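1. take this sequence and fold it.
(chains A and B)
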Amino acid sequence: GAVVSQHPSRVICKSGTSVKIECRSLDFQATTMFWYRQFPKKSLMLMATSNEGSKATYEQGVEKDKFLINHASLTLSTLTVTSAHPEDSSFYICSAAPGREGPDEQFFGPGTRLTVL
Amino acid sequence: AQTVTQSQPEMSVQEAETVTLSCTYDTSESNYYLFWYKQPPSRQMILVIRQEAYKQQNATENRFSVNFQKAAKSFSLKISDSQLGDTAMYFCAFDTSGTYKYIFGTGTRLKVLA
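-> Below you'll find the model as predicted:
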């Protein structure tokens, strides 16, 4: 149980285009979902926290107009990179928290590698 | 603000040997969770072990155990009988209870040698 999927696993796009990444919790409802960015050989950097039906909370320094997050349901969150540029190339990871009683555990998706040409 | 420090960027260990990865953190919170995650070359984050701060007993999961020193704010991971499949990046993470918001350390790259 507790599986999180991400689609696509990798995407290549041209500079100036927008890219949407989906994150789904397959066998549980996620009250909260998180989006991370990871540079090569670096740690995970939290970009934003989203709760179903409300606006995402962005971390300091993350442009909310560039990285649009929508948490449309308890099993789906999307990250749209708008007007992508080469510096947006990175590995993006989502995670989902069921919010049930017990340890605060997040379940991670397999990640999406974005390459902007 | 909470911080998590992993002072060993890279480590190596011979297969079947034991290795300890260190993690220290700083917080003024009294109720929190600590985690060790493994990220193999596939990049999938895998939970290795977790510890509730209010529990004095160190967590153990098969070959993986932690040494949790609350007063010293230290949370090290011991891997016994290391296997080639343990080769990965290991991240220590902190979460204030109820927030579900993780703060990750910078990671330790572990290589298990045959």
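2. in whichever strand or helix holds residue B:66, what's buried?
-> Here residue B:66 sits within strand B:64-69, counting by DSSP states H and E. Within strand B:64-69, the residues that count as buried by 16 or more other Cβ atoms under 10 Å in any protein chain shown are B:64-66, B:68. To be clear about C-beta, it is placed using only N, CA and C from the backbone, and glycine gets the same treatment.
3. how much space separates the residue nearest in space to the middle of chain B from residue A:4?
-> When Cα atoms, centre = their mean is applied to chain B, the residue found nearest the centroid is residue B:36 (3.2 Å). Distance, residue B:36 to residue A:4, using Cβ to Cβ, to the nearest Å: 19 Å.
4. contact residues of chain A facing chain B?
-> Neighbours of chain B within chain A, by Cβ under 8 Å from any Cβ of the partner chain: A:32, A:34, A:38, A:41-44, A:46, A:49, A:91, A:93, A:95, A:97, A:99, A:103-106, A:108, A:110-111.
5. where does chain B get nearest to chain A, residue-wise?
-> Taking Cβ to the nearest Cβ as the measure, chain B has residue B:45 as its residue closest to chain A, at 3.8 Å.
6. so that residue sits right up against residue A:96, yeah?
-> No: using Cβ atoms under 8 Å, residue B:45 makes no contact with residue A:96, being 11.9 Å away.
7. more neighbours: these two, which one.
-> Neighbours were tallied for residue B:45 and for residue A:96 using other Cβ atoms under 10 Å in any protein chain shown; the higher tally belongs to residue A:96 (30 against 26).
8. re the thing from before, report the buried members of the residues of chain A next to chain B.
-> A:32, A:34, A:38, A:43-44, A:46, A:49, A:91, A:93, A:95, A:97, A:99, A:104-106, A:108, A:110-111.
9. how about low-confidence regions in chain A?
-> A:1, A:100-103 (pLDDT under 70).
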